[in-house]
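**Q** Here is my input, please return the structure:
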Amino acid sequence: MSEKTSATLYYDIISPFAYLYVKQRQRLKQLDIKPVPVLLGGLLRSTDNVGPGEVAAKRPHTYQFCVWQAEKLGIPLRFPEHHPFMTVAAQRLLVQEKADWAMVERAFDYVWIEGKDPNLSWSEFCVYLGLSPDTAKPESPEVKAALVANTNQAKADGAFGVPTLILNQHCFWGLDTIDWALDYLARPGMFEEASYAYAGNVPNGLT
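**A** Numbers count the residues shown, from 1 in each chain. This next block holds a predicted model:
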């Protein structure tokens, strides 16, 4: 059996697209994917970007598209009682616990299957992850710094949102790039081809 190629998936449980990506990660069975929690809000701010939940006209369109996409994929999805919400405590907890894929998926399930905001039911969220109900919201400087470092590394790797897969230093952002990543694995010279090289360096006509 050939050795799997290492890759990184940057995620935040606030993202329904990241949830749908995680539910399909078995499609990338050639990869050994490490899940890395980041703070989406921080990543967006650092890249001069905003999430669709912050754009009034885009918000209902995006949310309803997620419902449609989940239906098409046969993946259960229930929007939480409000969205977006702060995920800093939950993301810090996933850092603190060095969350493996089983815990990561449970965290997503709590938001996108149970339809809950962990901040409103913290003890229940912790139990859902297999932790003690007395688990405190992480406040240690080390955990806080680790989440910031993850977010900064995501930006350095080219991420500007979630879900983002980093594979051989190439950035694949969004649920719909699973197919692109698979094509790249079958055609590893893709980004050296003339059309891709040119597209990656097209001069900006607005500057």
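**Q** how many neighbours does residue 162 have?
**A** 25 (other CB atoms under 10 Å). C-beta coordinates here come from the backbone N, C-alpha and C atoms, glycine included.
**Q** And residue 1, what's its pLDDT?
**A** Here, the pLDDT recorded for residue 1 equals 55.
**Q** again, but for residue 51
**A** For residue 51, pLDDT reads 88.
**Q** What average pLDDT does stretch 79-89 get?
**A** Mean predicted confidence for stretch 79-89 is 96.
**Q** And that stretch, end to end?
**A** 19 Å (CA to CA, to the nearest Å).
**Q** just how off-centre is it within its chain?
**A** Centre-to-centre, stretch 79-89 and its host chain are 14 Å apart (CA atoms, centre = their mean, to the nearest Å).
**Q** can you pull the buried residues of that stretch?
**A** The neighbour-count check on stretch 79-89 (16 or more other CB atoms under 10 Å) flags 80, 84, 85, 87, 88 as buried.
**Q** With stretch 37-46 instead?
**A** 37, 38, 39, 40, 41, 42, 43, 44.
**Q** helices or strands next to the helix or strand hosting the last one in the packing?
**A** Just to be clear, that refers to residue 44. When elements are assigned from DSSP states H and E, residue 44 belongs to helix 40-46. Packing contacts for helix 40-46, counted by 3 or more CB pairs under 8 Å, 6 or more residues apart in numbering; DSSP states H and E, involve helix 141-156.
**Q** The very next helix or strand once past the helix it packs on packs against which elements?
**A** Going down the chain from helix 141-156, the next helix or strand is strand 164-167, by DSSP H and E. Under the contact definition 3+ CB pairs under 8 Å, 6+ apart, strand 164-167 sits against strand 5-11, strand 170-173, helix 178-186.
**Q** what pLDDT, on average, does the first one get?
**A** Predicted confidence along strand 5-11 averages 98 (mean pLDDT).
**Q** ditto for the last one
**A** The predicted model assigns helix 178-186 a mean pLDDT of 98.
**Q** which strands and helices sit next to it?
**A** strand 164-167, strand 170-173.
**Q** give me that answer again for 10 Å
**A** Helices and strands touching helix 178-186, by 3 or more CB pairs under 10 Å, 6 or more residues apart in numbering; DSSP states H and E, are strand 5-11, strand 31-37, strand 164-167, strand 170-173.
**Q** what sits up against whichever helix or strand comes after it?
**A** Using DSSP H and E, the helix or strand that follows helix 178-186 in sequence is helix 194-199. Contacting residues not belonging to helix 194-199 are listed as 189, 190, 191, 193 [CB atoms under 10 Å, 6 or more residues apart in numbering].
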